Each structure stands twice: as structure tokens, then as C-alpha cells.
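>>> only the shape, not the letters, is given here:
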Ligand SMILES: [Fe+2]
């Protein structure tokens, strides 16, 4: 099974004007504007589609407080599409629309789909030259400055689910996804759609309320300069930050998350780990720095409310203190 990525994400909206401002200012190119529908594209042609939320063609919401409707994955081969259709039709309703997009529901209740697409390659972005104490690679040159991000693709999507094992089993056993890492105790699981891929393309977080919701969709940009420049530009337009900028200890990506008025968050990220069949999945404890907002609810909760968690902050402070103490010991 050869997946090419997240080909489309579909939202509903009661306010298409706001949706238009949000995604154009995010840096996507609007390729269609109708009375009831907007279509935006990333650099490689991944699409974000926003449809007036009373349109009967939309998939149902997965959470009352959100307008996320469906995610469509791109496949490179018609034979994979046909095989998936046969496989999934055994135990669920599967339809194919006039455009040739297959629609169904995964074992967690998330509306998913598949379509055959062409892989759009890109020329390499300019290399990021780093200066460090022992090595100066950028000499007599000013570093890249971005006044607007233009995301190249959608790299991963993250959901709160009642049971991460159910989610993992479906994607690994039915779609052939690979395990990248886990949080212990079923708190979270990182999956990727190919043995050679970015660290994760799907991440499931255990919902404390046993409910289903979108957490965020991540858009890949060229470099840390575009994360910062794009994030600053978006923030200056008045869109509220969810968390960031920062760097994930798991996947190593630099990030900046913003709240999406249609539900969940959107993320600029860059420089994620790329892993292969040699990668050994880890079992991580929760509450590692900068993952806390995902697990312990410092920012988005799966009911959509924002509540800081003192418990998380204290645990992180203690962990950092212990790490500093350990480093001091080593340096002595
Ligand atoms: Fe992310």
C-alpha cells in the first residue's frame, strides 16, 4: 500500500468569510470560491475544503464543538485503491463518489476516504545554514526572512480517541501503517503510513472523556525561519496562538500551533525526524516538555475548553531540575 499523504481535509463552516481569511492568511492558495464552498491548496496540491455547514453532502461532525468532517488520504496506485475498497467493504459501508473518492469510517468513528493522486515533487528549498560555536557555515550572509508562510504539504493529523489501541489496530492491520512511538499506558500512539516516512503522519491521543475530536492538522514548511516568520505574520493578523513556538522532543520538529475557528488547531512545523525500517519504537512517559499540552490539557482539552494544568507545570519543572542536576554531575 503506497500512501502519498493527507490529500484533503474537509471542514464545515457557518462563516465562509472567516474561513477564507483564516486559510488564505495561513498561507494556502485559494483555488476555488463558490457560494457554499472554498478550496485551498498547499504547495504540493493537498487540499483544505470548507463547505457551508448546512450542506447535506458533508460528512457528520465527529465532535459537537468542532466542524471537522473528513480526512482523505492520497494513494499512488489504482490497485491499492481497489484492494482497500474490497478489504474495507467486508465490515463497513464504503462508497465511491462521482469524483472517484472512496468514503468510509474508521474503527474510532472518524470519517476517512481515499483517492488516487499524483505525487507532486518539489525542488529543494534553500538549505538552512547554521552557525554554531565551533562552526560558521553562514558567513557574510543574512539568514532567510519570511513575512508569510506558504505550507508545502499537510504532514500529519492528530485526533483524540476513546481508545488508542482500537485506532492503532485499524491503521496498522487494515491500512498497513507503521508504529513509530508510543506514550505508555495507551496515552498516545504515533503512526506513519510508510516504513520510510516522517516520524508520524497520524497521532492518536487518549481522550479523558472517552470522546472523539480533532486535535490538530500540521502543515510542513521549509525551515525554522518559515515557522517563525509565518507564525509571527499569522499572529500579527490576530489569530490566537494555541502553543508555541517550540520544539517537540518526540519527532524533533519545530512547531507553532494556532487555534482554528473551525475546531482543533493548525500547526506550522519543520525539520521532523525521518525514520526507516531500522527505527525502534520507544515507550515514552507523558509530560515530556512541550508534549504536555497534548496529553495533560494545558491548552486544548478534548471538550474544546482551555484549562492550564498546574500539575503538568510542576512535573515539568521537576524533570528539568533533575536533568540539570544530572548534567552538573556529569560535568564535574
Ligand atoms: Fe503536530
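Arrived safely, thanks for sending. Keep in mind it's a predicted model, so treat the numbers as computed, not measured.

>>> neighbouring contacts of stretch 190-197?
Under the criterion C-beta atoms under 8 Å, 6 or more residues apart in numbering, residues 2-3, 5, 73, 168, 171-172, 175-182, 198-204, 250-251, 274-277 lie in contact with stretch 190-197. In this view, the C-beta of every residue, glycine as well, is placed from N, C-alpha and C.

>>> so of the residues you listed, which ones are in strands?
Judged by DSSP state E, these include 3, 5, 73, 178-182, 198, 202-204, 274-275 as members of strands.

>>> what residues does the stretch 201-332 of the chain put near the ion?
218, 267 (C-beta under 5 Å from the ion).

>>> confirm residue 225 sits in a helix?
Yes. Counting by DSSP: H, G, I helix; E, B strand; the rest coil, residue 225 is found in a helix.

>>> burial measure for the closest residue to it other than its chain neighbours, as a count.
Nearest non-adjacent residue to residue 225, counting by C-beta to C-beta, 6 or more residues apart in numbering: residue 144, 4.3 Å away. Neighbourhood size, residue 144 [other C-beta atoms under 10 Å]: 17.

>>> residue contacts, residue 144?
126, 128, 223, 225, 226.

>>> distance check, it against the ion.
23 Å (C-beta to the ion, to the nearest Å).

>>> helix/strand/coil for that residue?
coil.

>>> kindly report the same for the one 10 residues further on.
Using three-state DSSP, the structure places residue 154 in strand.

>>> so where does whatever residue of the chain ends up closest to the ion fall, helix or strand?
Closest approach between the chain and the ion, counting by C-beta to the ion: residue 218, at 3.9 Å. Using DSSP states H and E, residue 218 sits within strand 213-220.

>>> filter the contacts of stretch 190-197 down to the buried ones.
3, 5, 73, 168, 171, 175, 177-178, 180-182, 198-204, 250-251, 275 (16 or more other C-beta atoms under 10 Å).

>>> quick check: closest non-adjacent residue to residue 87.
Using C-beta to C-beta, 6+ apart, the closest residue to residue 87 is residue 174 (6.4 Å).
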